[in-house]
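**Student:** would you be able to build a 3D model of this:
(chains A and B)
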Amino acid sequence: AQSVTQLGSHVSVSEGALVLLRCNYSSSVPPYLFWYVQYPNQGLQLLLKYTSAATLVKGINGFEAEFKKSETSFHLTKPSAHMSDAAEYFCAVSEPFNQAGTALIFGKGTTLSVSS
Amino acid sequence: DGGITQSPKYLFRKEGQNVTLSCEQNLNHDAMYWYRQDPGQGLRLIYYSQIVNDFQKGDIAEGYSVSREKKESFPLTVTSAQKNPTAFYLCASLDSHLATNEKLFFGSGTQLSVL
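**Tutor:** Presented below is the predicted three-dimensional model:
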């Protein structure tokens, strides 16, 4: 069965500092991996996704993530945090093809706080 | 503009009452999903539907029911059997024909609270 583990339910950084949000996955087949961002009282917005092409994936708002099969990881990074990055971030995994019964499996989320 | 509309944004339920959350999409997507979000627990799948007139239970279906009579609509009913319904509910849809471009589109959510 697939699963996602996000290490750290809360991450705090200073404005301008590196952002690193950790995600490890478990999957019996090569996975598709996603990062979503959620602002308060809103739905989820896709930041980026890995679908077996380049292992370094660039997303919106300056975020990027690297798929490392040997480490079963898909950590999200941003070189310089901005106040507007404060939100909750979710890592998710799915099987490569949308087989019957497949849905995205989400991690428990990491809340990012950015201080000035 | 295409998208997913959830209504209402806020909903209150009395003890023993059934309430229905609306989810409508005009993206022509086949698959639709209902997730429940609780603080610190991420998103958990309640029900999903791959095609019209068919739906499957997710991880936490007890106390909920759904219908999929039209492609555009996937309403969720929170029944009186759901003893802890207070949560943020998110509806999503996906074009299941685009297997290599898998992307869930989310609605803006409904916050359900118990009076």
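
**Student:** tell me the confidence at A:His75?
**Tutor:** According to the per-residue confidence, A:His75 scores 97 in pLDDT.

**Student:** can you tell me the closest non-neighbouring residue to it?
**Tutor:** Taking CB to CB, 6 or more residues apart in numbering or on different chains as the measure, A:His75 lies nearest to A:Arg22, with 5.1 Å between them; neighbours along the chain are not counted. For glycine as for every other residue, the C-beta is placed from the backbone atoms N, C-alpha and C.

**Student:** what's around the one you found, how many residues?
**Tutor:** By the measure other CB atoms under 10 Å in any protein chain shown, the count of residues near A:Arg22 is 17.

**Student:** cool, and the one 3 residues further on?
**Tutor:** Applying other CB under 10 Å, we find 19 other residues in the vicinity of A:Tyr25.

**Student:** is it true that it touches A:Cys91?
**Tutor:** Yes: assessed by CB atoms under 8 Å, A:Tyr25 is found in contact with A:Cys91 at 7.5 Å.

**Student:** ok so, going back, the residue nearest to A:His75: what's it in contact with?
**Tutor:** For A:Arg22, the contacting residues are A:6-8, A:73, A:75, A:110, taking CB atoms under 8 Å, 6 or more residues apart in numbering or on different chains as the criterion.

**Student:** what's the answer for B:Gln111, then?
**Tutor:** B:Gln111 is in contact with A:41, B:9-11, B:88-89, counting by CB under 8 Å, 6+ apart.

**Student:** nearest to B:Val114 among these?
**Tutor:** Within the set of the contacts of B:Gln111, B:Leu11 lies nearest B:Val114; the separation is 10.1 Å, counting by CB to CB.

**Student:** where in chain A is pLDDT low?
**Tutor:** Low-confidence segments of chain A, defined by pLDDT under 70, are located at A:95-103.

**Student:** now the strands: where do they sit in it?
**Tutor:** Shown for chain A, the strands assigned by DSSP state E span residues A:3-7, A:10-14, A:19-26, A:32-38, A:44-50, A:56-58, A:64-68, A:73-78, A:87-94, A:105-106, A:110-115.

**Student:** the ones you listed: which one's closest to B:Gln50?
**Tutor:** Among the strands of chain A, the nearest to B:Gln50 by CB to CB is strand A:87-94 (13.7 Å).
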